[in-house]
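1. Kindly generate the corresponding structure for this input.
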Amino acid sequence: MTNQRSFKARVRTRMEKTGESYTTARRQLINRATTQTASPSAAPAALPPAGPAAAQTERITDDLIRARTGLGWAEWFALLDAVGATERPHTQIARHLVVEHEVPGWWAQTITVGYEQERGLRAPGQRRGGGFEASASRTMAVPATRLFEAFADETVRARWLPDVEVRVRTATAPRSFRADWAGGPTRIVVGVDAVGESKARVSIQHEKLTAAEQAAELKAYWRERLAALKALLESNGDHR
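-> Numbers count the residues shown, from 1 in each chain. Now for the predicted structure:
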């Protein structure tokens with residue numbers, strides 16, 4: 001808690017000096033810390049190192065969060081501040097949004113992560129408990145049911161996600177899919193959101209990662225795999 005308060009104080013000091021927003025000031029300090037702690041003798045990577053993960057409020061626009069949940073980022077943050085959410089664990093914040101404000105489960109998680117990042121409770125790409133996760137999303141011109149089946153149907157899944165053991169934990173058509181990845185301990189959490197009758201958006205979180213580098217690699221991997229899935233489905237390559 002002491003380290004967290006100290007960091008937040010440094011963020012606010014930078015805000016006063018530069019006029020930056022809280023999110024921008026925090027990201028700049030994180031970037032500086034990453035640069036300073038990097039080993040100068042490390043061997044060069046085969047590919048340029050991935051940049052820091054984008055904050056939730058940067059990945060998901062205010063217009064989109066308002067369209068899906070009824071309020072924008074600032075309004076949700078104010079409501080959560082009013083109930084002392086900074087002192088609550090992640091699951092309680094998300095549950096509050098579902099029960100008290102009738103926010104759909106996936107979007108409740110999205111708002112909760114955005115709030116925790118904005119209030120300095122976690123860095124982008126990092127879980128509240130200290131681990132890391134990778135996320136990716138893509139909108140595709142297919143109904144939500146077909147997009148869900150691309151994960152839940154083993155035959156279709158093998159066409160765009162080959163050579164990976166996926167052990168299904170839960171699957172709730174056509175909205176959510178959870179599975180252990182490659183025998184564990186990491187896992188994927190998939191949410192499908194309909195955008196009209198013939199378009200849907202899929203969001204993936206790859207959880208229980210142990211390092212920022214692993215998260216960066218998997219983020220790039222999921223972007224590439226979702227592009228492959230989009231090409232498959234939109235070309236009727238799944239023969240449906």
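
2. can you map out the strands along the chain?
-> Taking DSSP state E as the test, the strands found in the chain are 132-140, 166-172, 176-181, 187-194, 200-209.

3. Select, out of those strands, the one closest to residue 101.
-> strand 187-194 (17.4 Å; CB to CB). Bear in mind the C-beta positions are built from the backbone N, C-alpha and C, glycine included.

4. give me the number of residues near the residue nearest to residue 98 when sequence neighbours are not counted?
-> Spatially, and ignoring its direct neighbours in sequence, residue 98 is nearest to residue 108 (4.9 Å; CB to CB, 6 or more residues apart in numbering). By other CB atoms under 10 Å, 21 other residues sit near residue 108.

5. what's the answer for residue 210, then?
-> Count around residue 210 with other CB under 10 Å applied: 12.

6. Show the pLDDT at it.
-> At residue 210, the model reports a pLDDT of 87.

7. same thing with residue 179?
-> 96.

8. Spit out the contact partners of it.
-> Contacts here follow CB atoms under 8 Å, 6 or more residues apart in numbering; on that basis residue 179 touches 151, 166, 167, 168, 169, 187, 188, 190.

9. what's the closest of the residues you listed to residue 104?
-> Once CB to CB is applied, the member of the contacts of residue 179 that ends up nearest residue 104 is residue 190, at 14.5 Å.

10. bridging residues for that closest one?
-> residue 177, residue 204 (DSSP bridges).

11. Go ahead and name everything in contact with the longest helix belonging to the chain.
-> Counting residues, the longest helix found in the chain (DSSP state H) is helix 212-234. The list of residues contacting helix 212-234 from outside it, by CB under 8 Å, 6+ apart, reads 49-50, 53, 125-126, 132-138, 140-142, 146-147, 150, 159-161, 202, 204, 206, 209, 237-238.

12. which regions of this protein sit below the pLDDT cut-off?
-> 1-8, 17, 23-53, 127-130, 237-240 (pLDDT under 70).

13. Helices of that one, start to end?
-> Under DSSP H, the chain gives helices at 2-18, 22-37, 56-59, 62-69, 73-82, 90-101, 105-118, 144-152, 154-160, 212-234.

14. tell me, what residue is most central in the chain?
-> residue 135 (4.1 Å; CA atoms, centre = their mean).

15. Touching, it and residue 204? I think so.
-> Yes: here residue 135 reaches residue 204: they are 6.4 Å apart, a contact under CB atoms under 8 Å.

16. in the sheet, who's paired with residue 181?
-> Under the criterion used (DSSP bridges), residue 181 bridges to residue 166.

17. Residue 206 is in contact with that one, correct?
-> Yes: between residue 181 and residue 206 a contact is recorded at 6.9 Å, counting by CB under 8 Å.

18. Quick check: neighbours shared by those two?
-> In contact with both residue 181 and residue 206: 187, 188, using CB under 8 Å, 6+ apart.

19. Comparing those two, which shows the higher neighbour count?
-> residue 206 (22 against 17).

20. thinking again about what came up before, present the contacts of residue 179 as JSON lines; the columns should include distance to residue 96.
-> Supplementary listing: the contacts of residue 179 in JSON lines, determined by distance: CB to CB, whole Å:
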{"residue": "151", "distance to residue 96": "28"}
{"residue": "166", "distance to residue 96": "32"}
{"residue": "167", "distance to residue 96": "31"}
{"residue": "168", "distance to residue 96": "29"}
{"residue": "169", "distance to residue 96": "24"}
{"residue": "187", "distance to residue 96": "24"}
{"residue": "188", "distance to residue 96": "25"}
{"residue": "190", "distance to residue 96": "24"}
